[in-house]
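J.: One predicted model, sequence on top.
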Amino acid sequence: MNMPRREVLVFASIGEIISRKGSQMDQGGFCKKGLFVIKKVSEILTARIRREGKCVVEQRLVLVVLLLLWLTNGWVIEKMEENHNHTLVYPGQIFRLGSHQQISDEVKAIVGNLQWSGLGPTQISDVIVKIFNGQQNVGVSEAKLKSFIKRNERHMGMEDYQSVLTYFDSIRVKDLGFIYSINLAKNGMLRGFFWVDSRVWSSYQVFGDVVVFDTTYKRNRYRWPFGPFKGVNNHRQSIIVGCGLVANETKESFEWFFRAWLNAMGNKAQDAIITDECTSIIPTMTSVFPNAVHRFCSWDVAKHAQEHLGPIWYRNHDFKMDWSQCIYRTWTEEQFLIRWEAMMVKYNLKGNSWSSDKFAQREHWVPCYLRKQFFEGMSSTQRSEGLNSYFQGYFKGTMTLYKFVK
């Protein structure tokens, strides 16, 4: 009796079955053979033993094969359903299927080049879609492309970060007074770093009575604020007494930054510091520099006054004169309080939230409250702006952290 030959396909994993199934698709991505129903070999073996009405010889042959396979507990195809149980995908939308989404080496190379040029994820995605004349020709969906761009950005950032650390270590070999500190997030990502060399440290010991700090300069590919500490030497020249970069302008970032600087300077705090009106900086002053006099940049206060009091500032000429008299031509605290109250009543500013906040912070920006402290003749961060203009000739918005530091 000739028995029909029965072929049993064995697979080590489901992934292998799916791979074999994928090979049965046409160029348009449509199934030719239908949908496989997959079961574990051990389950099929149990089911075969319980079946009746089969040829004994065939059953024995199958049982022998399945028994051998059951020992490794692999996978077999028990049956195949010819009819589709789902709506077929249109040919132009096949790239949205997870099994068909592959980022080509060409796309990866273009993404890398665009990231080095300083473009963001959305800009890069738009450029690639235009280059390939449509999302369907890119090979992946917009969401998956942006996800890859962000992953690649993190990878490039880690390489950049390692390059900075290697550079710092090489400097420390040559300059034993070189000090640097890094701030890492819980996930291991870099959040900021600070550095000073021996020359900067020596300058601060002599000219560190008053320092100016601001983070308005952000010319690097990550848009990280650059925070230099600046002072004035005996020739009235601006000097840098420490600098660093932070990933964002939050209270936690500034607190770490200021503590790193204070530690590098041997815990010798300055007598006075001038900063912008940054809401994240104000609360850190008390905790990190409790004995230092904190002054707001006068130019910054005037700019914000024009923004928040615009209608009165520009339409009423008398208000500017009263403001100037109250702020800059008042010599005692008592006189300031009387003039401020009169100005609030005259221009109906009693309920103005910005005016109330400024009054509560008057010790940080009104000159009559700061006359007892030596400020090297400075009342603003204007010297920082001059240094920023100097930096602008050397730094570009596409620079990596490594090139920026170097």
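T.: Here it is on my side, so go on. Numbering: from 1, shown residues only.
J.: Which secondary structure element of the chain has the lowest mean pLDDT?
T.: Ranking every helix and strand in the chain by mean pLDDT, DSSP states H and E puts helix 56-72 at the bottom, with a mean of 42.
J.: Any stretches of the chain with poor pLDDT?
T.: The model of the chain has pLDDT under 70 over residues 1-82, 84-86, 88-100, 117-118, 216-222, 381-398.
J.: What segments of it are strands?
T.: Taking DSSP state E as the test, the strands found in the chain are 10-11, 35-40, 75-81, 179-184, 190-196, 210-213, 229-232, 238-240, 243-246, 272-275, 293-296.
J.: Dump these into JSON lines; add distance to Leu309 as well.
T.: Every C-beta, even on glycine, is put in place using the N, C-alpha and C of the backbone. Listed next are the strands of the chain as JSON lines, based on distance: least, C-beta to C-beta, whole Å:
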{"stretch": "strand 10-11", "distance to Leu309": "75"}
{"stretch": "strand 35-40", "distance to Leu309": "71"}
{"stretch": "strand 75-81", "distance to Leu309": "75"}
{"stretch": "strand 179-184", "distance to Leu309": "38"}
{"stretch": "strand 190-196", "distance to Leu309": "35"}
{"stretch": "strand 210-213", "distance to Leu309": "26"}
{"stretch": "strand 229-232", "distance to Leu309": "30"}
{"stretch": "strand 238-240", "distance to Leu309": "32"}
{"stretch": "strand 243-246", "distance to Leu309": "31"}
{"stretch": "strand 272-275", "distance to Leu309": "22"}
{"stretch": "strand 293-296", "distance to Leu309": "16"}
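J.: Please identify which of these is closest to Gln115.
T.: Among the strands of the chain, strand 190-196 comes nearest to Gln115, with 16.6 Å by C-beta to C-beta.
J.: Report the angle between the closest one and strand 179-184.
T.: On the basis of axes from the mean of the first three to the mean of the last three C-alpha atoms, to 10 degrees, strand 190-196 is oriented at 170 degrees to strand 179-184.
J.: name the helices or strands packed onto strand 190-196?
T.: helix 142-174, strand 179-184, strand 243-246, helix 251-264 (3 or more C-beta pairs under 8 Å, 6 or more residues apart in numbering; DSSP states H and E).
J.: With adjacent residues omitted, what lies nearest to Asp197?
T.: Spatial nearest neighbour of Asp197, excluding adjacent residues (C-beta to C-beta, 6 or more residues apart in numbering): Phe178 at 4.9 Å.
J.: for Ile171, that is, sorry about that
T.: Nearest one to Ile171, counting by C-beta to C-beta, 6+ apart, is Phe178 at 5.0 Å.
J.: try Met344
T.: The spatial neighbour of Met344 that comes closest, neighbours along the chain excluded (C-beta to C-beta, 6+ apart), is Lys350 at 5.3 Å.
J.: Quick check: the residue nearest to Ile171 touching Ser198?
T.: Yes: assessed by C-beta atoms under 8 Å, Phe178 is found in contact with Ser198 at 6.6 Å.
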